[in-house]
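Peer 1: From the sequence below, what's the structure:
(one chain, ligands or ions: 1)
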Amino acid sequence: MKELLTSTVILVILTAASTAQAASIYAGKSTAAAVCSQCHGIRGTSADAPFPPLAGRDEEYLEMALKQYRDKTRVSDIMNNIAGSLTDRDINNIASYYSRLKIR
Ligand code: HEC
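Peer 2: Purely as a prediction, here's the structure:
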């Protein structure tokens, strides 16, 4: 019984770890809705000049840009602040979410 319990626990942990590996569009969506959309919008290409649109952009480009803002190799007071608190996983999630959106 004890072995069964232990292997069940291990299985649960392994399953959780493997799902966490894949980028989660859903997690990206909630961050985008809560934070990014205030300036960038969600689907709409923003008409406001300083806020570039993100929907439908290349996933790798978005990841690269966010990592550059985080490392401050790309300078923007606003984006350096925002990206500074993102983990690699957050960045993957957000990039996979925005890149899959169709622009209206
Ligand atoms: C307070 C407004 C604001 C918020 C909130 C914000 N951004 Fe930005 N973002 C900007 C501005 C301004 C720029 C242009 C900066 C520059 O000139 O590099 C920018 C640029 C970017 C770029 C570069 C786009 C390009 O065309 O190169 C990406 C990617 C980006 N933001 C992602 C995000 C994500 C993801 C979030 C949410 C986690 C977010 N931003 C939240 C204002 C904002």
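Peer 1: switch to C-alpha atoms for all contacts and neighbour counts from now on
Peer 2: Noted.
Peer 1: From the ligand, how far out is the residue lying closest to F51 once chain neighbours are set aside?
Peer 2: The shortest distance from F51 to any non-neighbouring residue, by Cα to Cα, 6 or more residues apart in numbering, is to H40 (5.6 Å). Counting by Cα to the nearest ligand atom, to the nearest Å, the gap from H40 to the ligand is 6 Å.
Peer 1: swap in S30?
Peer 2: Distance check for S30 against the ligand: by Cα to the nearest ligand atom, it reads 10 Å.
Peer 1: Now do that residue: how many residues are near it, please.
Peer 2: Counted by other Cα atoms under 10 Å, the residues lying close to S30 total 15.
Peer 1: next one: the one 10 residues further on
Peer 2: Other residues lying near H40 total 21 when counted by other Cα under 10 Å.
Peer 1: next one: D90
Peer 2: When neighbours are defined as other Cα under 10 Å, D90 has 19 of them.
Peer 1: How about the contacts made by it?
Peer 2: A27, G28 (Cα atoms under 8 Å, 6 or more residues apart in numbering).
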